[in-house]
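1. based on what follows, work out the 3D shape:
(chains A and B)
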Amino acid sequence: MRGEAATAERPLARVPLVLNRRNFSWITERISGVVEDRAPRWWWVCFTITAAIAMFGLFCIGYQISTGVGVWGNNIPNGWAWDITNFVFWIGIGHAGTLISAILYLLRQRWRTSINRSAEAMTLFAVMCAAIFPGIHVGRVWMAWYLAPIPNNYGIWQNFRSPLMWDVFAVSTYFTVSVLFWYTGLIPDLATLRDRATTKIKKFLFGVFACGWRGSNRNWRHYEMAYLLLAGLSTPLVLSVHSVVSFDFAASILPSWHTTIFPPYFVAGAIFGGFAMVLTLLIPARSIFKLHDIITPQHIDKMAKIILLTGSFVSYAYTMEFFVAWYSGNSYERFAFWNRVLGPYWWYWWTGMLFCNVLSPQLFWFRWCRRNILVVYFVCMCVNAGMWFERFIIIVGGLHRDFIPSSWGLFIPTWVDIWTFIGTLGIFTSLFLLFIRFLPMIAMSEVKIVLPDADPHAHSPNGHHPVQAGGMQRI
Amino acid sequence: MKRVFQHPPEQLSDKKYWRSLGEYSNTPEFREWLEREFPAGASELEENDWSRRDFMKLMGASMALAGIGLTSCRRPELHLVPFTKSVEWTIPGKFLYYATAMPRRTGAIPLVATTVDGRPIKLEGNPLHPASSGGTDVFAQASLLDLYDPTRSRRFSNHGKESTRAEFDAYIDKLRSQLGAGDGLAFLVEQVHSPTRERLRTELEKAFPKMTWCVYEPALSDAQNYATGVSFGENVRLLPRFDRADVVLALDSDFLDCGEGDLAAARAFTARRRVKSAGDSMNRLYVVENRFTITGAMADHRLRLPASQIPTFTYLLAGKIGALTKDSGLVSLLGTLTAPSATPEFNEQWLTELANDLVAKSGSSIVLAGQQQPVVVQLLAYAINSTLKNIGRTIVVREFPRNRNNKSILQLADRMSRGEIKQLFIFGGDPVYNAPRALALDPDKKVPIDWADLQKKVSDVVRLGYHEDETSAISQWHAPMAHYLETWGDALAADGSYLSIQPMILPLFGGLSEIELLNALLGRPKVEGPGLIQETFRATRPSGDFQTAWSKFLHDGFADHVQLHDRPAAFNAVAAGGPAKQLWSAIAVSPPPTAESPEIVFVRSYAMDDGRYSNNGWLQEMPDPITKLTWDNGAMMSPNFAASLGVATGDLVQVTIADSARDADGQPIRRELVLAAIVSPGHAENSVTISLGYGRPIAGRGPLPYGGDAAADNPPTGDVPGFNAYFLRTAANPHFVVADGKTIESIKVSKVGKKYPLSITQDHWSIEGRGLVREAKLDEYREDNNFVEKCAGIDEPQKYLPSLYTHPPLTGQQQWGMVVDLNVCTGCSACVIACQAENNVPVVGKLQVSHGRWMHWIRIDRYFASAKPFNEDNGEFPQDPEIVHQPMMCQHCENAPCETVCPVNATIHSEDGLNVMAYNRCVGTRYCANNCPFKVRRFNFFDYNQRPVGKKKIAGQFGIYEEYIAPFTEKGAPDITKLQKNPNVTVRMRGVMEKCTFCVQRIEEAKIATHARVGASGGDLRIPRDSFTSACAQACPHEAITFGDIKDPETKVSKLKAADRNYRLLDYLNVKARTSYLARLRNPNPKMPDAGNLAVACSEAKT
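-> Here you go, the predicted model:
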């Protein structure tokens, strides 16, 4: 009975991935239309606002570089604060895209096709935002190239024991592979746009980037092999990059940083936060562009389940941190976690970690909640904020009260801290707005593959063929 | 080491060689050129900023002059050789050291100045003289920065208009003829014990027999002098001999505060607390005081009592001791005094056991009364000491000259108010700022008037001042005063020995010294060089050749042929009885302060002294040893009293003192001050302590160069750091004031309801039960000399685990390490300033301190510990805690956590065990600071050295912090501040991390010297054992810090590391710190009621 539409007559049939029996043409028209039509007024309004915020963020960065790290609230003991919090936050968001593209691809989760393109784009933009912070947080930005393994006349080499060094390689590799993966997936759709282009310039540009795609069998064979290989390559990176980011903390000696649980905990947290951000972006886009048939409640439901799953990982990790701190018998470790709950930053923990990250996803146990857009959106926003708080609690929470009580001190953000972060939100949303304006935000070719029409054995739902609108079932 | 500057001798052949055509023809132009070339160099500096060329010229000149300090003894000609022609005895890059001394009100401190290229860059104690023994204090260290103060007075001015030295000299010349017998002439000077100044003053008194000579020191009380004079005769000073004392009682006496000048006494005290093994003995210190002082922090037993109740306490103690010893003198003296009306609240047993302990140690105890306590307390203390047979044993009566003709500022004010003073000279000081309020009665209106109004009654005031301050603003003449490092001089140390002062540099801004001005007033010709000092020196009758003796005097820094005389110990109880009875009645009735009517106590500041260092950024930024407050003072009060007012630290309170005297309208005269409260555990109840020396405005200065906009939202104080407690201070009550119902009607402290930003460097004062400061009672230590491991909590590891990383081999011939003896560290902070001076550590300003960005490489952690646990996060305070201090600097871990995390290899390990920083390589990720368990790394958040730091006034109250607009400010430090920098230490730029280097420049210097000496002979290239030390260790007056080679088992540091009290911090982290600590001991009397509340710093960790 598998693969049949869940109707009253056939309750166990699969729900189709694209609703309302949309055909190839509708998909092409609807998705290409977003790129080809004139930009709607709301787009300009949004873009103007986000670009202005982005520009102000860039101004803050320029101000910080020209004047000194002191324009932020960082101090001793809080050598890192919002800067690295934002870095880890953005890198975490950058996880969902590649996870959806690569891991779900390898696991043959065909529902990914509706969301993978924009999720990947989101990944790239998030990694770009993330990369800003390690770049500018250093005291002498103009000397940051010392982190690159460039032979120099001093004969000094990098310190490969430093997790920051590993970070540089992990993040840059991840970004490179993510760009390649995203671009490879774009090629068939770029060719579609090229073919539909009305002006020479568009034709030329899409033509160049489509790399001469003809849709031939040979093209498809190569494309699918390349895509599979890149998916295989990306999969370990999804796990490695945030593991390496977590080493920044785990490889140190500070109580509450020096923890072996960090790599899986960070990866789970990243996926958790990343999916929340994907939903945050797609839920409005879906309504604006009337993509309800492609991004269906089923998609949202599945993502909500992933959020619930990874959220549970994260909650487990939180619990284990406390357990291990107690079980270790180490008074510094115990104090650090006690301080997290009752110390000066107590409300960060209670709202950010406990309410947003642990409690709010529990709503997703209920189907009603997973299907209610408002509830889903509320939880996603909670998780977005909660994951930022989590990173802040880990970083500043670990730094502000460590071994020697005399050097304890609080961190208070300045307007530059705040606006640099908001500025990266502006950069991120501006880039995303540009993306949906200029590139197909949904992988047309991949969505078409999951249509029943793509299956040569597809029949009308009233027929007797076992394969139904759920699409091709090759597994 | 000094070489005589010798030009090559003239050739004796009859051929004449010439170097230029000008010289050959010997034209007038050439000779004029020759004359102009050198001597006019310094005068150009008065108006303009310095060019490099000017600087080199001046440095060359002063270099030559500094050398002449010795050479002129043999060759009276003055050579001023520009640097371009090279000074023969200098080796570029090598320092020259000269002995000198810093004049201070209680006695000068012998110093050795380090000079490079003719500029002094560092001051150290003179190890040859016991008054320093190589140690210094914060003021001696920081006085160097005053020399290079960009805001110091640079000009002569007449009625506020710029004038010249020549006009001033002409004025003095003319003035001399108009003075007659000097009945209108008066001098207001500071207390310095200079024999030459005293000699010139005596000569001046001969010329103008009716002149008035007034000595005023705001932080010095006459009570002690008077009491000493009455009890022991004139011209003596009592010197405590702590080396002979087993039990010490300090009655409101902060004798460990080296700022008072007696380094030798403080050193002798801590020497008796240096415990090498469990068999050693230790002295015992009892302290009775109203606020925590560094002496109180060292106490084995401390009783907090309002300062106004200490006379009563002393009376009760004397009674107990009289009863125990049945000493008739003491009993009869007490018999003449009426019993106090009320007894302060304290545990009776405390007093009884204290008396028992003192009596048991008769002849080896000391009872010290603070100099701010009234005469009767001093007399009672002397009587007690006499009863205990301490005089002559633990208290030496030393001959010390004191001039009976010195007038007090009250006497001077009285004459001024009556218009009798026509001509007033004010040397130093700043009476408009620091004179007592209500100094004299206005003869017409019959209301009290302050100094500023009094000074306006004098037609001619000449001010010799270091700054153009408020006093200068209302003086007719202002002349710039020379710094002591710019002048010839002499001084007596606290023990009476005779010290030399020689200049290190020509006066930077043409300043005059007091003795030059006195000499000019005598109508004598201007004396270049040390002539005036030599004349005084000659009178001491040095043996042998005068020039040799003079050279030795300058070289050693003191004259060892001048004998010090001690008087036989004879306390004149009869003479003391009269004044005691007379003065006691005023005190006995003074009621104990209450919450409604608290006492106000004025103390000198540990950083600003009496305000004379108010423009010194190092001192402004030095955390107070007790409150850890920088850039401000405040109203210190006990937690209970603060709670009764409803204030917390940083809340503004208003102090109002109402006099019984009435003003013209018949209203009580009120003195008010709004200032920030500081909740201070261990403070006496119903008592408020305010340190003097803050809130000093300097006219024309503008905002402080180092920022510190203290009170942007607090109109009473404006832009000047801190609050001027002199507003509250009268001559009648200079040290503490209580509402006695007679002269003072009421005292009120009330909440204002506004906040004030305070920059406190240590917010958390609980040690949280961690084994950081380990402490035990002496008895416990004797029972178990391994206590450091037991009270360590988890810090003492079971075994050291292998490191995952490879570490550079520690193969150096010498391995550097440090030991800090917590048992003798008083927290005085001399090491902090010494490190700042040595290592070019910048001042960051008040705002940056409040953001946690101060740059000190060494910080002194201060914890309050109490047997009764308190939860600081819940706002609980320990009421009567003990204080422990712990100096904390880079621990130079062998497995340094900072090194593994630096991505660019900017912090690495050297073969001789140093954790070194490569500033050029550092990009500033701050990861090392995060991973440092001791949090001793400091980051340059701004370009503190290159850009101005602090607030710049734009218009009115509106100002902007210049570090936050760095790209729009001028880059580059003022030249004058550059002169202070140590050329051997990199000046760090923004964005790089820095930290204690164990003074690597000193290590390298010593290495180079050793290599140069051993040379190619292939001998032992190790630096000779204990031949040099780090700046902090050198400065420490108590030798609490020891630095050296830990590979050599015979060095001091190795021997200390082998001691059983030695422990390393956070050892369980396997960091293997090279700095270790010797655990602290307290020596409580087990019979005392508070014995259980001592040595409790790590009691929680123990369990």
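
2. rest of the way, CA atoms for contacts and neighbours
-> Noted.

3. and for residue 395, the neighbour number?
-> Went with chain A since none was named. Burial measure for residue A:395: 23 neighbouring residues, criterion other CA atoms under 10 Å in any protein chain shown.

4. um, chain B though
-> Residue B:395 is flanked by 27 other residues according to other CA under 10 Å.

5. can you check the one 3 residues further on too?
-> The criterion is other CA under 10 Å. On that basis, residue B:398 has 20 neighbouring residues.

6. please apply the same query to residue A:284.
-> Look at residue A:284: counted by other CA under 10 Å, it has 12 neighbours.

7. and if you look at residue B:594?
-> Using other CA under 10 Å, the number of residues around residue B:594 comes to 14.

8. right, and residue B:721 touches residue B:694 too?
-> Yes. Here residue B:721 lies in contact with residue B:694, judged by CA atoms under 8 Å, at a distance of 6.4 Å.

9. could you name every residue contacting both of these two?
-> Residues touching both residue B:721 and residue B:694 (CA atoms under 8 Å, 6 or more residues apart in numbering or on different chains) are residue B:632.

10. what residues are up against residue B:371?
-> By CA under 8 Å, 6+ apart, the neighbours of residue B:371 are B:220-221, B:223-224, B:253, B:378.

11. from these, which land in helices?
-> B:223-224, B:378 (DSSP state H).

12. which other helices and strands does whichever strand or helix holds residue B:478 contact?
-> When secondary structure is defined by DSSP states H and E, residue B:478 falls within strand B:477-480. In this structure, strand B:477-480 makes packing contacts with strand B:156-158, strand B:460-465, judged by 3 or more CA pairs under 8 Å, 6 or more residues apart in numbering or on different chains; DSSP states H and E.

13. just put the ones you listed in TSV and tack on mean pLDDT, distance to residue B:309 and mean neighbour count.
-> Formatted as TSV, the entries for the helices and strands packed on strand B:477-480 read as follows, by pLDDT from 0 to 100; distance: least, CA to CA, whole Å; neighbours: other CA atoms under 10 Å in any protein chain shown:
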stretch	mean pLDDT	distance to residue B:309	mean neighbour count
strand B:156-158	90	48	23
strand B:460-465	91	39	25
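
14. is it true that residue B:857 touches residue B:999?
-> No. Between residue B:857 and residue B:999 there is no contact under CA under 8 Å: 10.7 Å.

15. quick one: which of these two has more around it?
-> Taking neighbours as other CA under 10 Å, residue B:857 and residue B:999 compare with residue B:857 leading, 22 against 16.

16. okay, that one: pLDDT?
-> Each residue has a pLDDT score; the one for residue B:857 is 95.

17. how close does it get to residue B:478?
-> With distances taken as CA to CA, to the nearest Å, residue B:857 is found 39 Å from residue B:478.

18. next helix or strand past the strand or helix carrying residue B:322?
-> Counting by DSSP H and E, the element that carries residue B:322 is helix B:310-325. If you walk from helix B:310-325 toward the C-terminus, the next helix or strand you reach (DSSP H and E) is helix B:328-335.

19. that following helix: which residues count as buried?
-> When neighbours are counted by 16 or more other CA atoms under 10 Å in any protein chain shown, the buried residues of helix B:328-335 are found to be B:329-331, B:333-334.

20. swap in stretch A:234-243?
-> By neighbour count, with 16+ other CA under 10 Å as the criterion, the buried positions of stretch A:234-243 are A:234-235, A:237-243.
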